[in-house]
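> What follows is a predicted protein model with its sequence.
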Amino acid sequence: MVAKLMLVFVGFDVLFAMCGGLLMGFSLIAEQTMTASPTINNVAQNLLLDQCPLTAGVVNGIFIFVTFLLSLPALFLPANRGWLRAQGWLVVVCATFTLGLGLAVWVGTLQTRVKLSGIWGNQPPLVVSLLQQKFDCCGYFNATTPPFEVDNVCLNSLVAAQKGGCIAKFSSFANSYLDLIFTAAFGIVGVDVILVMCVAMVLKYRQEQERYRHIDQKNNAGGF
């Protein structure tokens with residue numbers, strides 16, 4: 001029973017560290033991707049990633065790794081409870097941090113169309129044209145509301161009127177893309193919660209072992 005408990009604890013502790021690596025890796029790769037020249041394939045993702053708290057994600061990932069490193073003494077010192085308590089509180093902090101990031105992205109999806117309208121309006125002609133080509137549409141609301149670019153998709157006002165605006169397609173893409181991000185963040189929080197429960201169970205077991213040791217010492221002392 002004890003071996004299974006420690007195995008589960010170690011497993012989720014390693015999974016906790018892997019989640020930190022995933023969070024940091026995604027944030028760093030996203031920041032690097034955003035510096036690349038816009039293309040049809042990356043233009044929409046880059047605009048959405050620019051609205052995400054990527055720097056905070058890197059900080060959170062670093063904090064998760066530090067917490068994992070501080071948990072190692074708890075594994076190699078089977079009678080120690082201080083390191084376990086510290087790890088438990090730090091995991092709670094990490095979970096709260098990650099939950100805040102996920103909620104920030106989720107709240108942004110509640111007003112997707114309004115936010116995307118402002119984002120679209122601030123883009124240079126090249127980006128607007130790339131978005132029109134990606135979603136096969138013309139303008140955000142329609143071709144009569146700027147910014148709108150004439151390109152190989154929107155050849156003229158007649159074609160643009162037939163294709164319609166990008167609001168529906170862009171919003172749908174944004175919601176799907178951001179849903180993956182905040183769902184992943186909430187999944188990491190779930191791992192954190194399970195790890196906290198494992199820490200609590202290991203703490204309880206070690207506390208009981210400590211109490212039994214004190215009882216044995218008293219019994220042995222009474223025998224003399």
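Sure, I can see it.
> Next, name the residue at the spatial heart of the chain.
With distances taken as CA atoms, centre = their mean, the chain has residue 185 as the residue nearest its mean C-alpha position (3.5 Å).
> Quick check: closest non-adjacent residue to that residue.
Nearest residue to residue 185 in three dimensions, chain neighbours excluded: residue 102, at 3.1 Å (CB to CB, 6 or more residues apart in numbering). (Each C-beta comes from the backbone N, C-alpha and C, glycine too.)
> What are the neighbouring residues in contact with the one you found?
By CB atoms under 8 Å, 6 or more residues apart in numbering, the contact set of residue 102 is 181, 182, 185, 186, 189.
> So for it, what's the pLDDT?
Reading off the confidence values, residue 102 has pLDDT 95.
> Now name the helix or strand holding it.
helix 82-109 (DSSP states H and E).
> which one of the contacts of residue 102 has the most neighbours?
The residue in those with the most neighbours, by other CB atoms under 10 Å, is residue 185 (24 neighbours).
> helix/strand/coil for the residue nearest to the centre of the chain?
Classification of residue 185 by DSSP: H, G, I helix; E, B strand; the rest coil places it in helix.
> Wait, it touches residue 100, no?
No - with contacts counted by CB atoms under 8 Å, residue 185 stays clear of residue 100, the gap being 9.1 Å.
> Excluding residues flanking it in the chain, which one is nearest residue 92?
Nearest non-adjacent residue to residue 92, counting by CB to CB, 6+ apart: residue 196, 6.2 Å away.
> Just the mean pLDDT for whichever strand or helix holds that neighbour, thanks.
In this assignment (DSSP H and E), residue 196 forms part of helix 167-223. Here helix 167-223 scores 84 as its mean pLDDT.
> Return the distance of it from the chain's centre.
Mean C-alpha position of helix 167-223 versus that of the full chain (CA atoms, centre = their mean, to the nearest Å) differs by 17 Å.
> other SSEs contacting it?
Helices and strands touching helix 167-223, by 3 or more CB pairs under 8 Å, 6 or more residues apart in numbering; DSSP states H and E, are helix 2-34, helix 43-49, helix 82-109, helix 112-121, helix 125-135.
> again, only using 10 Å
helix 2-34, helix 43-49, helix 54-76, helix 82-109, helix 112-121, helix 125-135 (3 or more CB pairs under 10 Å, 6 or more residues apart in numbering; DSSP states H and E).
> List the residue ranges of this protein that fall below the pLDDT cut-off.
Applying pLDDT under 70 to the chain picks out residues 1-2, 79, 212-224.
> Would you quantify the distance from residue 145 to residue 56?
Note on residue 145: its distance to residue 56, by CB to CB, to the nearest Å, is 34 Å.
> one step back: would you mind getting the angle between the helix holding residue 196 and helix 125-135?
Inter-element angle recorded for helix 167-223 and helix 125-135: 90 degrees (by axes from the mean of the first three to the mean of the last three CA atoms, to 10 degrees).
> quick one, helix 167-223 and helix 112-121 angle?
Going by the same axes, to 10 degrees, helix 167-223 makes 120 degrees with helix 112-121.
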